[in-house]
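Engineer: how would this look folded up:
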Amino acid sequence: MAKGRSPFADRLGEPIASPLVGLSDDPTRVESMGAEEFDGEGLACRPNVLMTDGVLHQFLHDSTSARRVGVESTASAVRSVRGLPSPGPQLLVMAAGSIPPAELLGGIELGVAVESFSGLHSGVNPVSGDFSVGANGLMIRDGELAEPVQELTLASTLQRLLMDVSAVGDDFEWLPSGPGGASMRIDGVAVSGA
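Structural biologist: Just a heads-up that it's a prediction; the model follows:
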């Protein structure tokens, strides 16, 4: 973002997703296994609202990146075992919707209920937003879950994926790795290998 190479670098205050999408980074949520009191630089963690109603509100910063762009740190320094702290999400929390998961399937003649991804570390281009990743899940036929499918390839752009969210479920849950989210229906994603 600081180098202007993110597809969202100059989009603060603009809609970058469907109005149904809300996202925050909130390591203070003690009900999650990923909750933290301090970031990788020792600053007290706090909630950071990234997006509400699809509008981008802020970016995450550690002390170094904040100084570089002239803003305050969001206490978002994350550490790895090999390097210095860098800015990143600590505990992403997606806002739940109001639609029961069974209703998300309604009206889908042919689709895929994705249960897991593979290749996220190499299949997403952070500069252009293009992605092509592997996925496993269940086929959706006439609004009902059907047979399992493996080794699918999903392709689109992050920008289009965010804008094409057409429904969000009320089934919020915390993942074992920390983040929390709900089911979503996304239209227009290219699928191959089924």
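
Engineer: quick one: residues in contact with stretch 39-52.
Structural biologist: With CB atoms under 8 Å, 6 or more residues apart in numbering as the contact definition, stretch 39-52 has outside contacts at 16-17, 21-28, 36-38, 56-60, 62-63, 73-79, 85, 90, 95. (Each C-beta comes from the backbone N, C-alpha and C, glycine too.)

Engineer: now do that stretch: distance to the chain's middle.
Structural biologist: Put simply, stretch 39-52 sits 16 Å off its chain's centre (CA atoms, centre = their mean, to the nearest Å).

Engineer: what mean pLDDT does it get?
Structural biologist: If you average the pLDDT over stretch 39-52, you get 96.

Engineer: start to end distance for it?
Structural biologist: Start and end residues of stretch 39-52 are separated by 23 Å (CA to CA, to the nearest Å).

Engineer: gap between Phe38 and Cys45?
Structural biologist: Phe38 is 6 Å from Cys45, where distance means CB to CB, to the nearest Å.

Engineer: just Glu31 next, same as before
Structural biologist: Taking CB to CB, one finds Glu31 at 15 Å from Cys45.

Engineer: quick one, phi psi at Asp39?
Structural biologist: Dihedral angles of Asp39 (phi, psi; degrees, to the nearest 10) stand at phi -80, psi -180.

Engineer: the closest residue to Ala167 other than its chain neighbours in helix, strand or coil?
Structural biologist: Once flanking residues are discounted, Ala167 sits nearest to Arg185: 4.2 Å by CB to CB, 6 or more residues apart in numbering. Assigned with DSSP: H, G, I helix; E, B strand; the rest coil, Arg185 falls in the strand class.

Engineer: for Arg29, same thing?
Structural biologist: coil.

Engineer: list the contacts of it.
Structural biologist: Arg29 touches 35, 91, 93, 180, counting by CB under 8 Å, 6+ apart.

Engineer: what is the nearest of those residues to Ala102?
Structural biologist: Ranked by distance to Ala102 (CB to CB), the contacts of Arg29 are led by Gly180 at 20.6 Å.

Engineer: burial of Leu161, as a residue count?
Structural biologist: 19 (other CB atoms under 10 Å).

Engineer: next: the one 10 residues further on.
Structural biologist: Applying other CB under 10 Å, we find 15 residues neighbouring Asp171.
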